[in-house]
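[1] A structural model of the following input is requested.
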Amino acid sequence: MESLVEATSGAVGSLVSTTILYPLDTCKTKYQAENRAHNNQKYRKISDVLWEAISTGQVLSLYQGLGTKNLQSFISSFIYFYEYSFFKRLYLKKSGSKSIGTKVNLILAAAAGACTVVLTQPLDTASSKMQTSTFGKSKGLWETLSENTWSEAFDGLGISVLLTINPSIQYTAFDQLKQRSLKDSMSKNRDGVSSRAALSAFSAFMLGAVSKCIATFVTYPAIRCKVMIQSAESDEDEEDIAQPNSRKTILGAVRAIWKKEGILGFFKGLQAQILKTVLSSALLLMVKEKITKTTWVLMIALKRFMIIPRTRLKNS
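    Predicted coordinates:
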């Protein structure tokens, strides 16, 4: 029951945050997917993607692929929170411990993330292809999946699994920042005994945002490569045409970015990624916390509703 409640509330929170921030996500993804030399770039900045949609009368195309993204987001969050809660309870049961340390918690979170990625990768690939398609020409989910081979549906799987280390980097950075913040923050009680001060809610929020930015910065080159691998369109030169699908591998994506954009190309769109990631995390957790209690009530009511008819049936 606990795992189911966590999974449901987390999935709904993810659904809400994904829908609200989807236009920003589409602009970010199309901007990241473009791979051209600096003097030939179609999008000089991320706002150019938005203006293209407005000038061509395709504003609603900023939502192309939203259904697939929501489906992927809901299923992904549901599986992740369910597995994460399940792994924690299993660890406590097997180890006999009453609490979980930071390192074990990070390992369990990474394991849940890796399992989730493997199961939902085709939907992730399909949503990326829809977002990076020409405005107004995006295909449906089934058509997007069926036009490619089964192996192509898992494009970027290796990088997706690698990116499960993002939370580990985030929590490690948070702990380090927290220790430094509290290092000189000592308070004394009435007896004169020193005790370490606790973080305020605002400080915790700020450190959480900073730690998420650090994790995003460290892993961003992998994020950029992943978008290029999964994108629907590619900016190929004569050498690329001679080697089709050269960008569909990690080394191919790295080579393409280095050749056309240089070292700074690996961080193209970083600001938008950080903005979207921080806002998405904040919205997801806020909604999740708000509806967890309601979800518990509904689950208990549903459980009683299902048990009572069975009891009556046995008595009859």
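
[2] quick one: contacts for Ile291?
    Contact analysis of Ile291 by Cβ atoms under 8 Å, 6 or more residues apart in numbering lists 9, 12-13. No exception for glycine: its C-beta is placed from N, CA and C like everyone else's.

[3] Ala173: how many residues sit nearby?
    19 (other Cβ atoms under 10 Å).

[4] check contacts around it.
    With Cβ under 8 Å, 6+ apart, Ala173 has these contacts: 210-211, 214-215.

[5] farthest pair in those residues?
    Val210 and Ala215 (9.9 Å; Cβ to Cβ).

[6] between those two, which has more neighbouring residues?
    Comparing Val210 with Ala215 by other Cβ under 10 Å, the one with more neighbours is Ala215, at 23 against 15.

[7] can you report phi and psi for the more buried one?
    phi -60, psi -40 (degrees, to the nearest 10).

[8] please enumerate residues in contact with stretch 115-134?
    25-26, 29-30, 33, 64-65, 68-69, 71-72, 75-76, 79-80, 83, 138-139, 141, 144-145, 152-157, 160-161, 164, 227, 230-233.

[9] show me where the stretch 101-250 of the chain has its strands.
    Using DSSP state E, counting those that start in this stretch, the strands found in the stretch 101-250 of the chain span residues 186-188, 194-196.

[10] average model confidence for the last one?
    By that I understand strand 194-196. Here strand 194-196 scores 44 as its mean pLDDT.

[11] repeat for stretch 53-61
    90.

[12] can you give me the end-to-end span of it?
    The straight-line separation of the ends of stretch 53-61 (Cα to Cα, to the nearest Å) is 7 Å.

[13] over to stretch 36-44?
    Across stretch 36-44, first to last residue, Cα to Cα, it's 11 Å.

[14] follow-up on the earlier one: now, of the contacts of stretch 115-134, which are buried?
    25-26, 29-30, 33, 64-65, 68-69, 71-72, 75-76, 79-80, 83, 138-139, 141, 144-145, 153-157, 160-161, 164, 227, 230-232 (16 or more other Cβ atoms under 10 Å).

[15] now go through those and say which are in helices.
    Of the buried ones among the contacts of stretch 115-134, the ones assigned to helices by DSSP state H are 25-26, 29-30, 33, 68-69, 71-72, 75-76, 79-80, 83, 141, 144-145, 157, 160-161, 227, 230.

[16] secondary structure element for Leu275?
    Following DSSP states H and E, one finds Leu275 within helix 270-315.

[17] then Thr8?
    Residue-wise, Thr8 maps onto helix 2-20 under DSSP H and E.

[18] show me what counts as buried in that helix.
    Within helix 2-20, the residues that count as buried by 16+ other Cβ under 10 Å are 3, 5-18.

[19] stretch 205-216 too?
    In stretch 205-216, counting by 16+ other Cβ under 10 Å, buried: 207-209, 211-216.

[20] name the residues that touch it?
    By Cβ under 8 Å, 6+ apart, stretch 205-216 touches 166-167, 169-171, 173-174, 177-178, 181, 199, 223, 270, 273-274, 277-278, 281-282.

[21] for PyMOL, write a command that selects the buried ones of the residues you listed.
    A single PyMOL command selects the buried members of the contacts of stretch 205-216 (16+ other Cβ under 10 Å):
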select buried, resi 166+167+169+170+171+173+174+177+178+199+223+270+273+274+277+278+281
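
[22] next one: the most centrally placed residue in the chain from Ala53, what distance?
    Centroid-nearest residue in the chain, with Cα atoms, centre = their mean: Thr277, separated by 7.4 Å. Per Cβ to Cβ, to the nearest Å, Thr277 is found 22 Å from Ala53.

[23] where does the chain have low pLDDT?
    Across the chain, the stretches falling below the confidence threshold (pLDDT under 70) are 1-6, 184-202, 204, 232-247, 285, 288-289, 292-316.

[24] Thr102 - how many residues pack around it?
    12.

[25] my read: it touches Tyr171, true?
    Yes: Thr102 lies in contact with Tyr171 (Cβ atoms under 8 Å); the separation is 6.8 Å.

[26] shared neighbours, these two?
    Counting by Cβ under 8 Å, 6+ apart, nothing touches both Thr102 and Tyr171.

[27] in a helix, Lys98, correct?
    No: Lys98 is assigned coil when assessed by DSSP: H, G, I helix; E, B strand; the rest coil, not a helix.

[28] what residues are up against it?
    Leu92 are the contacts of Lys98 under Cβ under 8 Å, 6+ apart.

[29] equivalent analysis for Tyr63, please.
    Counting by Cβ under 8 Å, 6+ apart, Tyr63 has contacts 22-23, 26.

[30] lovely, talk soon.
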